[in-house]
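K.L.:
how would this look folded up:
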Amino acid sequence: MAVDMGSGVIYPFEKSSPGVFQNPPIKGAIFDLDGVLVDTAKYHYLAWKRLAWELGFKFSKKDNERLKGVSRTRSLEILLELGHCTMGAEERETAAARKNAWYVEYLHTLDEKAMLPGAGEYLIYLRKQRVGIALGSASKNTPLILDRLNIAALFDAVIDGNAVSKAKPDPEVFLQCAAALSLPPGSCVVFEDSLAGIEAAKNGGMMAIGVGRETLLPGADRYITSLRDMLL
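P.N.:
I've put the predicted structure just below:
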């Protein structure tokens, strides 16, 4: 339950929650994009699968788990490792651009109905509580996605793949989010659906709420199935 205890502060852990994270006051909420607010992961998967097919090998949903939360450049490196392929720098740039063109093509079908359960409602709730809201995503297509979903105005700061040089689990993107909110990292909580993202949050000294199963996201401070759980 997200309990407001005064303007600009939320307590995302219930009073009965065990351990040292019992009822920590939070002034900033940082969200990953894919898999937390919207389901664009399927479009990433389809685009990477299409590229793998062109390169002559199969790419499974299990393989795709390794690509969650990391940059496009690193994702391509992992894909090539899986297919035992080698490419020069120019070929990699071309392949990444081709994959992204397919992905952007898919993104143009997005609308507000693509928001995951509770996402829009929870963002609105946080704004009413005057909690700082930031988006921290590796995606360089973040502006397009926010525009298609019509939620850009709900964020106080947006840090995406165009603004960072280090991929998760490096905490750079989340630390930039905290700085943009003018808050210390320890006053922020990160909502993530990838292991790399959970590790990035912890590496940055922040609390992490895993959106998914604990077995897939070890190390988070709390687990939810969707942002709807934060409103219960």
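
K.L.:
going by C-alpha atoms from here, please, whenever you check contacts or count neighbours.
P.N.:
Noted.

K.L.:
in stretch 166-184, which residues are buried?
P.N.:
167-178, 180-181 (16 or more other C-alpha atoms under 10 Å).

K.L.:
likewise stretch 64-75?
P.N.:
Counting neighbours by 16+ other C-alpha under 10 Å, one finds that the buried residues in stretch 64-75 are 64, 67-72, 75.

K.L.:
now do the same for the residue sitting furthest away from the middle of the chain: its pLDDT.
P.N.:
Distance from the centre of the chain peaks at G56, with 30.0 Å (C-alpha atoms, centre = their mean). pLDDT for G56: 96.

K.L.:
also A119?
P.N.:
Confidence score, pLDDT, at A119: 96.

K.L.:
how about low-confidence regions in this protein?
P.N.:
For the chain, the stretches with pLDDT under 70 are 1-24, 69.

K.L.:
which residues of it fall in strands?
P.N.:
For the chain, the strands defined by DSSP state E cover 3-4, 10-11, 28-31, 132-136, 157-159, 188-192, 207-211, 222-224.

K.L.:
pick the most deeply packed of these.
P.N.:
Across those, the average number of neighbours (mean count of other C-alpha atoms under 10 Å) peaks for strand 188-192, which reaches a mean of 28.

K.L.:
please save the CA atoms from that strand in PDB.
P.N.:
Included here for strand 188-192 are C-alpha records, laid out as PDB according to Å, rounded to 0.1, in the frame of the first residue of the first chain:
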ATOM      1  CA  CYS A 188      13.900   7.800  -4.000                       C
ATOM      2  CA  VAL A 189      12.300   4.500  -4.900                       C
ATOM      3  CA  VAL A 190      12.800   2.800  -8.300                       C
ATOM      4  CA  PHE A 191      10.100   0.700 -10.000                       C
ATOM      5  CA  GLU A 192      11.800  -1.900 -12.200                       C
END
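
K.L.:
got the angle for that strand vs strand 132-136?
P.N.:
40 degrees (axes from the mean of the first three to the mean of the last three C-alpha atoms, to 10 degrees).

K.L.:
run the chain-centre distance for strand 188-192.
P.N.:
9 Å (C-alpha atoms, centre = their mean, to the nearest Å).

K.L.:
try stretch 70-78
P.N.:
Worked out by C-alpha atoms, centre = their mean, stretch 70-78 lies 15 Å from the chain centre.

K.L.:
and if you look at stretch 40-50?
P.N.:
16 Å.

K.L.:
show me where this structure has its helices.
P.N.:
41-55, 61-64, 72-82, 89-107, 119-128, 142-149, 172-180, 195-203 (DSSP state H).

K.L.:
now do the contacts for the most centrally placed residue in the chain.
P.N.:
Centroid-nearest residue in the chain, with C-alpha atoms, centre = their mean: D32, separated by 2.2 Å. Listed by C-alpha atoms under 8 Å, 6 or more residues apart in numbering, the contact partners of D32 are 135-137, 190-193, 197.

K.L.:
quick revisit: ok, of the buried residues of stretch 64-75, which one's closest to A163?
P.N.:
Taking C-alpha to C-alpha as the measure, A163 lies nearest S71 of these, at 11.8 Å.

K.L.:
and the gap between A167 and E199?
P.N.:
11 Å (C-alpha to C-alpha, to the nearest Å).
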